[in-house]
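# Coordinates only, no sequence provided:
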């Protein structure tokens with residue numbers, strides 16, 4: 001799928017839905033291009049541009065609202081950091097809009113809830129979500145790969161405001177290094193939560209002032 005077509009068919013609906021639901025649309029765009037082979041792999045045919053796997057509630061209903069599954073080979077990284085090719089089931093939807101909402105539901109689960117406070121900072125958002133288990137690849141490698149994809153998209157789409165990412169600053173680099181030292185799983189999740197709290201303390205506070213108001217009794 002050519003980029004101009006992809007923006008119309010996938011990008012614009014994704015941006016509208018993500019903005020509505022409070023998830024950084026830049027992440028949605030970059031992941032969709034990164035995980036789907038630019039919209040060419042078999043999952044993209046089922047409107048799964050993000051490699052989302054089925055997840056269920058306690059009552060067995062689908063969290064992501066997927067309508068069917070697609071089984072395919074995928075690459076995962078074990079605790080030893082080595083790549084493995086395994087077969088897995090992935091979500092399938094019947095439309096782009098269903099797919100985007102399913103992806104948003106997936107990344108809005110309780111495990112990733114802390115990312116909500118980083119919605120204006122796509123790089124920190126993705127670093128935290130990956131640290132909490134979205135991908136088995138080390139958060140540092142994933143975030144840098146993700147940033148490169150955003151940079152390429154921004155160069156090809158110069159008229160799209162807000163797409164170009166900032167550099168990875170010292171604070172984020174530190175957080176990524178801390179998460180990378182842990183194996184995928186609970187220990188990395190704990191570090192991701194700690195680093196999130198550290199990052200929040202670095203963010204500037206916004207002073208809120210109120211105009212004097214006359215009160216009439």
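Sure, I can see it. Here the structure is a predicted model, which means the values were calculated and not measured.
# Run the chain-centre distance for the least confident helix or strand in the chain by mean pLDDT.
The least trusted helix or strand in the chain, going by mean pLDDT, DSSP states H and E, turns out to be strand 68-77, with a mean of 83. From the chain centre to the centre of strand 68-77 is a distance of 18 Å (Cα atoms, centre = their mean, to the nearest Å).
# Quick one: residues in contact with that strand.
In this structure, residues lying in contact with strand 68-77 by Cβ atoms under 8 Å, 6 or more residues apart in numbering are 42-43, 46, 48, 51, 54, 83-92, 136-138, 184. Using the backbone N, CA and C atoms, a C-beta is placed for each residue, glycine as well.
# Return the subset of these lying in strands.
Counting by DSSP state E, the part of these found in strands is 83-92.
# Just checking: what are the partner strands of the least confident helix or strand of the chain?
strand 83-92 (antiparallel) (DSSP bridges).
# and the helix or strand following the partner strand, which residues are buried?
Per DSSP states H and E, the first helix or strand lying C-terminal to strand 83-92 is helix 96-107. Judged by neighbour count (16 or more other Cβ atoms under 10 Å), helix 96-107 contains these buried residues: 96, 98-107.
# Which secondary structure elements does helix 96-107 sit against?
Helices and strands in packing contact with helix 96-107 are listed as helix 12-21, helix 25-35; criterion 3 or more Cβ pairs under 8 Å, 6 or more residues apart in numbering; DSSP states H and E.
# ok, residues contacting the following helix or strand past it?
Using DSSP H and E, the helix or strand that follows helix 96-107 in sequence is helix 122-129. Residues outside helix 122-129 that contact it (Cβ under 8 Å, 6+ apart) are 24, 26-27, 30-31, 107, 112, 114-115, 118-119, 139, 142-143, 146-147, 150, 165-166, 168, 172, 175-176, 179, 192, 195-196, 199.
# are any of those buried, and which?
Those of these that meet the buried threshold are 24, 26-27, 30-31, 107, 112, 114-115, 118-119, 139, 142-143, 146-147, 150, 165, 168, 172, 175-176, 179, 192, 195-196, 199, by 16+ other Cβ under 10 Å.
# was I right about residue 151 contacting residue 164?
Yes. Contact criterion Cβ atoms under 8 Å: residue 151 and residue 164 qualify, at 6.9 Å.
# separation between the nearest residue to residue 103 once chain neighbours are set aside and residue 88?
Nearest residue to residue 103, sequence neighbours excluded (Cβ to Cβ, 6 or more residues apart in numbering): residue 50, at 4.9 Å. Distance from residue 50 to residue 88, counting by Cβ to Cβ, to the nearest Å: 14 Å.
# Looking only at neighbour counts, state which of these two leads.
residue 50 (25 against 14; other Cβ atoms under 10 Å).
# Could I get the pLDDT score of that one?
Note for residue 50: predicted pLDDT of 92.
# ok, it - contacts?
Counting by Cβ under 8 Å, 6+ apart, residue 50 has contacts 28, 31-32, 35-36, 99, 103, 106.
# farthest-separated two in these?
Greatest spatial distance among the contacts of residue 50 (Cβ to Cβ): 36 and 106, at 14.9 Å.
# which sections of this protein are below the confidence cut-off?
Along the chain, the parts satisfying pLDDT under 70 run over 77-81, 202-217.
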